[in-house]
Structure formats: C-alpha cells, structure tokens
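> Attaching a predicted model along with its sequence, questions to come.
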Amino acid sequence: MRQLMFSLLMAVASHSVYAAEAVSKSFWNEVAIGGHDTVAYHQPDNRRQHQEVPGGETFVVAWQGAKWRFASQASADKFAADPERYRPEYNGFCANALSLGEGLIKTDGTVWEFFGDELHLFYAERGRQRWLKGDWQAYKKEADVAWLQLKYQ
C-alpha cells in the first residue's frame, strides 16, 4: 500500500513539473488571450479607462505552450521576466465559467476586470457583471478549486 501511495504521489508530482498549464489560446495559431498585451492591462491609465491593448506580431513571448503578444518590447520584457505577475488568472480562461463549474472556456481578452490586484478575463460581459454585482470573493474561491482540478488538461 505504501509503495502504491508513493507511486501515485510521484506520478502527480512529475505531471505537475513537466506538464504546461492550459492557456486560453486560439486553436489555429496558439496565440494567448486573443493577442492582447497582458502587461498593458496593469498600466494605470488602461485600468482607469478600462481599455485593453492589442499586441502585435513583432513582440512575442512563448510561455506555457502559447504565444503571448505585446504592444512593445518593454511589455514583452516585463512579461518574460515575471509571467506569473502579469498573466491573467486561470491563464486567461473565463473566471465566471470556472466559478460555475462549466470548465475551461476560452476568452479573447476583451472582457476583463481586476478583482483585488488580479486580472480576470471573461467570455462575456454577463459573467463580468455577475462578479461585479455579486460576491466575487466566493466566486473566486469556486473558480480556484475548479482551476486546480482542470489546469493541466
């Protein structure tokens, strides 16, 4: 029994170490979050004006099996230096869908919001509004649990 438990733990650990987390990306070109510059969401002017910034094909960083596009070399460099800081929660999958148990629903980076200091993306405005008007902390806890179960699919 002890050997079986050890084998199971090693299998889980090795899967976690070697498998890339799922990223919300296009089917055809592996571009994450609709090609939007994930660093730009964090800039104060963009947050205040609630404006997303499209990335370009010139500034690209490969991370977690996806191509992350940026509007500038400075944004690409910031992301490359600390992707965990700038990537959206759940690697861009819909936070609302995860909180409702609907699985990994891709987003295109156009519907977003910061809850706390974390960037969350949504498939549709209706999901964003649910989080804004409801108990987003409770929804986040539900999404976190679902993400832990699904992130390596």
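Right, received. Where do you want to start?
> contacts, neighbours, all on C-alpha from now
OK.
> What average pLDDT does stretch 134-152 get?
Mean pLDDT, taken over the full extent of stretch 134-152, equals 97.
> Give the other helices and strands that the longest strand seen in the chain contacts.
The single longest strand within the chain, with elements called by DSSP state E, is strand 56-63. Packing contacts for strand 56-63, counted by 3 or more C-alpha pairs under 8 Å, 6 or more residues apart in numbering; DSSP states H and E, involve strand 66-70, helix 73-81.
> In this protein, where is pLDDT below threshold?
Screening the chain residue by residue with the criterion pLDDT under 70, one finds the ranges 1-19.
> Centre of the chain to stretch 141-153, how far?
Remark: stretch 141-153 is offset 12 Å from the chain centroid, using C-alpha atoms, centre = their mean, to the nearest Å.
> Apart from its neighbours in sequence, what residue is nearest G101?
In space, G101 comes closest to A146 once its chain neighbours are excluded; the distance is 6.8 Å by C-alpha to C-alpha, 6 or more residues apart in numbering.
> And V61, by the same measure?
Spatially, and ignoring its direct neighbours in sequence, V61 is nearest to W68 (5.2 Å; C-alpha to C-alpha, 6+ apart).
> Report the contact partners of the one you found.
V31, A32, I33, G35, H36, D37, T38, V60, V61, A62 (C-alpha atoms under 8 Å, 6 or more residues apart in numbering).
> Do you have the helices of the chain handy? List them.
2-18, 44-49, 73-81, 83-86, 95-99, 125-133, 136-150 (DSSP state H).
> picking up where we left off before, hang on, the residue nearest to G101 packs against L98?
Yes. With contact taken as C-alpha atoms under 8 Å, A146 and L98 are classed as touching, separated by 5.9 Å.
> Give the residue from the two that has the larger number of neighbours.
For A146 and L98, the more surrounded residue by other C-alpha atoms under 10 Å is L98, and the numbers stand at 24 against 21.
> From S99, how far off is the nearest residue to the more buried one once chain neighbours are set aside?
Computed as C-alpha to C-alpha, 6+ apart, the closest residue to L98 that is not its neighbour in sequence is A143, at 4.6 Å. Computed as C-alpha to C-alpha, to the nearest Å, the A143 to S99 distance reads 4 Å.
> If I take the longest strand of the chain and helix 73-81, what angle do their directions form?
Strand 56-63 and helix 73-81 are oriented at 10 degrees to each other (axes from the mean of the first three to the mean of the last three C-alpha atoms, to 10 degrees).
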